[in-house]
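Asks: With the sequence up front, the predicted model follows.
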Amino acid sequence: MAEFWFIRHFRTPWNAAGRLQGRCDVALDEPIGDADRQTLAAGRAALAGVAFGAVWSSPALRARQTAALFGFDAPTILPEMAELDFGGFEGQLWSDLEAAHPGRWRAAPQDLPLGEPFSAFVERVAAVLARAATIRGGPVLAFGHGAWSGCLRCLHEGHDPATMAARGIGNGEILRLVPQPGLASRAPDPRTT
């Protein structure tokens, strides 16, 4: 597998309000905040001089805007990189989800009434990870979302995707997945997720 570098989009007004974004096409804060500017500067320094074999993005505006801020104006858009579809909870507060389904997001997201089956979401993430394994000529760089990053990390590290809430990354942060000898990134059996 090529190295896989993943950057979560910068903050949006909905992040600040604690709202579930999912498939809603919410733009970044305008202008981005001081903390995001600092994260961007550090991220640009980390990416400097790296020749990426592929640059991908979620179709969401916030991911594409983040790619542009990092200097990648024309990433390849992968529909599979869309954020988890939260269904009827999109636009609502995280606290609303927690009140309706206590503890489920952290312990059993597969049991939530989402806008897509949890197993289908995991399969989408696994498909992108498998596609990254075929890239030659440099690491893969991808721009996407919070739940997506947690699931990606679970699959790469061999954890149950249901634990993804504890493994996501912050806005603008870089997750760098390096091939691990003896630990193959794998798609889980969808019957168990």
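Replies: On my side now, so go ahead.
Asks: Tell me who's in contact with Ala46.
Replies: Ala46 makes contacts with Ile174, as judged by C-beta atoms under 8 Å, 6 or more residues apart in numbering. For glycine as for every other residue, the C-beta is placed from the backbone atoms N, C-alpha and C.
Asks: Kindly confirm my reading that it forms part of a helix.
Replies: Yes: judged by DSSP: H, G, I helix; E, B strand; the rest coil, Ala46 forms part of a helix.
Asks: What ranges in this structure fall below the confidence cut-off?
Replies: Scanning the chain for pLDDT under 70 picks out 1, 180-193.
Asks: For it, which segments count as helices?
Replies: Secondary structure of the chain (DSSP state H): helices at 13-17, 34-47, 61-69, 94-100, 104-107, 118-132, 146-157.
Asks: Tell me which of those helices approaches Ala27 most closely.
Replies: Closest to Ala27 of the helices of the chain is helix 61-69 (C-beta to C-beta; 5.4 Å).
Asks: what does that closest one rub up against?
Replies: 7-10, 12, 21, 25-28, 32, 40, 55, 57-58, 73, 75, 77, 81, 143-145, 172.
Asks: Can you mark which positions in that helix are buried?
Replies: Buried positions in helix 61-69, judged by neighbour count with 16 or more other C-beta atoms under 10 Å: Arg62, Ala63, Arg64, Gln65, Thr66, Ala67, Leu69.
Asks: before we move on, the earlier item: dump the helices of the chain to TSV, plus distance to Pro139.
Replies: Below are the helices of the chain laid out as TSV (distance: least, C-beta to C-beta, whole Å):
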stretch	distance to Pro139
helix 13-17	27
helix 34-47	10
helix 61-69	15
helix 94-100	32
helix 104-107	31
helix 118-132	9
helix 146-157	13
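Asks: can you tell which of these is closest to Arg176?
Replies: Comparing the helices of the chain by C-beta to C-beta, helix 34-47 comes nearest, at 8.3 Å.
Asks: Please state the offset of the closest one from the chain centre?
Replies: 18 Å (C-alpha atoms, centre = their mean, to the nearest Å).
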